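Trainee: just need the structure, nothing else, for what follows:
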Amino acid sequence: MVASCVAFLLLSLFLPLLLLGWWKRWHRGLAARHVVVVVLGDVGRSPRMQYHALSLVKSGFSVTLLGFCNSKPHSELLESDKIQVVKLTELQGLAVGPRVLRYGVKVVFQAVYLLWKLMWREPAAYIFLQNPPGLPSISVCWLVGCLCGSKLVIDWHNYGYSIMALVHGATHPIVLLAKWYEKFFGRLSHLNLCVTNAMREDLAENWCISSEPSDPATERSAFTEKDAQTRLVTHLCGRPALLVSSTSWTEDEDFSILLAALEKFEQWASDGDSLPSLVCVITGKGPLKEHYIRLISQKHFQRIQVCTPWLEAEDYPLLLGSADLGVCLHKSSSGLDLPMKVVDMFGCCLPVCAVNFKCLHELVKHGENGLVFEDAEELASQLQMLLSKFPDPAGKLNQLRKNLRESEQLRWHESWQRTVLPLVMDS
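Mentor: Reported below is the predicted structural model:
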């Protein structure tokens, strides 16, 4: 009786899929110039898959792009009449129970959900899939390919099991299962692309998967791309904004102000404002660093990445010169000093948002070379205003940078010669 019920349920599930797959194979002619691109992650933070979609369109294909839409994708992608973006809902697992059970239930629900979404798309010649995450997307896309006659193309960004191993350890049963799964289903793909030659060699040696490096003529980071032939480096469209702050992690700098402002910024970005993703780099060492790192880890930002490196002296100005906006939270204990970090930022033509105190006006001219704020709410509003429609050549942020470049800023030695040298010589 139980076996009959199980068989009936399986038949009820797979019969519609088989019929739908048969219909798609019958209409395979429609699929010749159509490709489905799958990202089981945030489309806006998956530049390679967005570029795949744009390149496919430029080569005469129509594209359906499935993924989570937590951040805004490339504007060219949204404006194309050949690309249909299908928003996937990020399913949540069980709120209670063992972690393994919660994760397993989430994977099963995601698999059924993704299978249903893919089967109801128009026929496709290829399914382009980003990996990781590959669980459960590789097996689902392979099954859809079998049912509908589509060829599976995996773009290997990394190994999903290796990321899981950072949390659980390389010998954890879940990690070993994920590795077997990735290796088994990865071999069933028709084509494979890799981010590096090293990954291509590893796939060939250890997994017996033949692959090609994707776009070897171009090197890309989250912010830039470099042409291997001309060595020209340009900013990526749709890149995140780079926010920089420097601190000695002491009581005279309240970084809860910045964290509260970032929370407000993320809320606005999630509500649909034309705001970019953020990478926030906070440099320095000090007694309160671990305290704030714990606070940062509790925020669970989706569109903001906060990192707290310690940089060598020669690397610090390179970071400032690469950044889009600086933030200074220095509040003078006496009200009589000035933050040297702002001087450093201005020296690299980096506009600054600085918390107000008694003599800050001697350095930061509000609306000319930066902005002054009183609290987290005002800082959040300034971030929203400066980064709206980023990068906007006509925006306020670009105007502040232009003002800094055009201002006659004295270098340290020039200022020293004018101010200190005469005193030394006279004495």
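Trainee: regarding the protein, what is its longest strand?
Mentor: strand 34-42 (DSSP state E).
Trainee: now Gly238, what are its backbone angles?
Mentor: phi 80, psi 10 (degrees, to the nearest 10).
Trainee: hmm, who's touching the helix or strand following the longest strand of the chain?
Mentor: Elements were assigned by DSSP states H and E; along the chain past strand 34-42, the next helix or strand is helix 47-58. With contacts defined as Cβ atoms under 8 Å, 6 or more residues apart in numbering, helix 47-58 is touched by 35, 37, 39, 43, 63, 65, 67, 73-74, 76-77, 80, 82-83, 128, 130, 155, 157, 195, 214-215, 220, 222, 236, 238-239. C-beta coordinates here come from the backbone N, C-alpha and C atoms, glycine included.
Trainee: show me the contacts for the most centrally placed residue in the chain.
Mentor: When Cα atoms, centre = their mean is applied to the chain, the residue found nearest the centroid is Arg45 (3.8 Å). Listed by Cβ under 8 Å, 6+ apart, the contact partners of Arg45 are Asn70, Ser71, Pro240, Ser277, Arg303.
Trainee: can you give me the pLDDT of it?
Mentor: For Arg45, the pLDDT comes out at 77.
Trainee: make 69 the starting number, not 1.
Mentor: New numbering, starting at 69: the last item is Arg113.
Trainee: measure it to Leu346 for me?
Mentor: 11 Å (Cβ to Cβ, to the nearest Å).
Trainee: ok, Cys137 next?
Mentor: For Cys137 relative to Leu346 (Cβ to Cβ), the value is 17 Å.
Trainee: for Gly172, same thing?
Mentor: Taken as Cβ to Cβ, the span from Gly172 to Leu346 is 33 Å.
Trainee: out of these two, which sits in the more crowded spot?
Mentor: Set Gly172 next to Leu346 and count neighbours by other Cβ atoms under 10 Å: Leu346 wins out with 24 against 15.
Trainee: low-confidence bits of the stretch 119-268 of the chain, can you list those?
Mentor: By pLDDT under 70, the low-scoring segments of the stretch 119-268 of the chain are 161-163, 165.
Trainee: before we move on, back to that, which strands or helices does the longest strand of the chain pack on?
Mentor: Judged by 3 or more Cβ pairs under 8 Å, 6 or more residues apart in numbering; DSSP states H and E, strand 102-110 is in contact with helix 115-126, strand 130-136, helix 167-187, strand 194-199, helix 205-216.
Trainee: got the angle for the second one vs helix 205-216?
Mentor: It refers to strand 130-136. 140 degrees (axes from the mean of the first three to the mean of the last three Cα atoms, to 10 degrees).
Trainee: again with the first one
Mentor: On the basis of the same axes, to 10 degrees, helix 115-126 is oriented at 20 degrees to helix 205-216.
Trainee: now helix 115-126 - C-alpha only, PDB.
Mentor: Extracted as PDB, the C-alpha positions of helix 115-126 are listed here (Å, rounded to 0.1, in the frame of the first residue of the first chain):
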ATOM      1  CA  PRO A 115      29.300  40.100 -13.000                       C
ATOM      2  CA  ARG A 116      30.600  37.200 -15.000                       C
ATOM      3  CA  MET A 117      27.100  35.800 -15.600                       C
ATOM      4  CA  GLN A 118      25.800  39.200 -16.500                       C
ATOM      5  CA  TYR A 119      28.600  39.500 -19.100                       C
ATOM      6  CA  HIS A 120      27.700  36.000 -20.400                       C
ATOM      7  CA  ALA A 121      24.100  37.200 -20.900                       C
ATOM      8  CA  LEU A 122      25.200  40.400 -22.700                       C
ATOM      9  CA  SER A 123      27.700  38.600 -24.900                       C
ATOM     10  CA  LEU A 124      25.100  36.000 -25.800                       C
ATOM     11  CA  VAL A 125      22.700  38.800 -26.900                       C
ATOM     12  CA  LYS A 126      25.400  40.500 -28.900                       C
END
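Trainee: buried set for that helix?
Mentor: Across helix 115-126, burial judged by 16 or more other Cβ atoms under 10 Å covers Pro115, Arg116, Met117, Gln118, Tyr119, His120, Ala121, Leu122, Leu124, Val125.
Trainee: which one of the residues you listed is nearest Thr351?
Mentor: Of all these, Pro115 has the smallest distance to Thr351: 25.4 Å, by Cβ to Cβ.
Trainee: any idea how far that closest one is from Arg307?
Mentor: From Pro115 across to Arg307, the span is 8 Å (Cβ to Cβ).
Trainee: find residues that contact each of these two.
Mentor: Common contacts of Pro115 and Arg307 (Cβ under 8 Å, 6+ apart): Ala290.
Trainee: how close does the nearest residue to Leu183 once chain neighbours are set aside sit to Lys332?
Mentor: For Leu183, ignoring the flanking residues on the chain, the nearest one in space by Cβ to Cβ, 6 or more residues apart in numbering is Val208 at 5.1 Å. Counting by Cβ to Cβ, the separation of Val208 from Lys332 is 37 Å.
Trainee: what of Tyr360?
Mentor: 18 Å.
Trainee: okay, these two: which has more neighbours?
Mentor: Per other Cβ under 10 Å, whichever of Tyr360 and Lys332 has more neighbours is Tyr360, with 21 against 16.
Trainee: so Ser342 makes contact with Lys457?
Mentor: Yes. Under the criterion of Cβ atoms under 8 Å, Ser342 makes contact with Lys457 at 4.9 Å.
Trainee: list residues touching both of the two?
Mentor: With Cβ under 8 Å, 6+ apart, Ser342 and Lys457 have no common neighbours.
Trainee: Phe253 contacts Trp210, correct?
Mentor: Yes. The pair Phe253 / Trp210 is scored as a contact, 5.8 Å apart, by Cβ under 8 Å.
Trainee: strands of the stretch 219-368 of the chain, start to end?
Mentor: Remark: strands assigned in the stretch 219-368 of the chain by DSSP state E, counting those that start in this stretch are 219-224, 259-262, 280-281, 286-288, 292-295, 301-303, 309-314, 346-351.
Trainee: relative to Cys417, which of the ones you listed is closest?
Mentor: Minimum separation from Cys417 across these (Cβ to Cβ) falls at strand 309-314, 12.9 Å.
Trainee: list of residues touching that closest one?
Mentor: 291, 323, 326, 344-352, 384, 387-388, 390-397, 409, 412-413, 418, 451, 455, 458-459.
Trainee: picking that back up, tell me the buried residues in the longest strand of the chain?
Mentor: Quick answer for strand 102-110 (16+ other Cβ under 10 Å): His102, Val103, Val104, Val105, Val106, Val107, Leu108, Gly109, Asp110.
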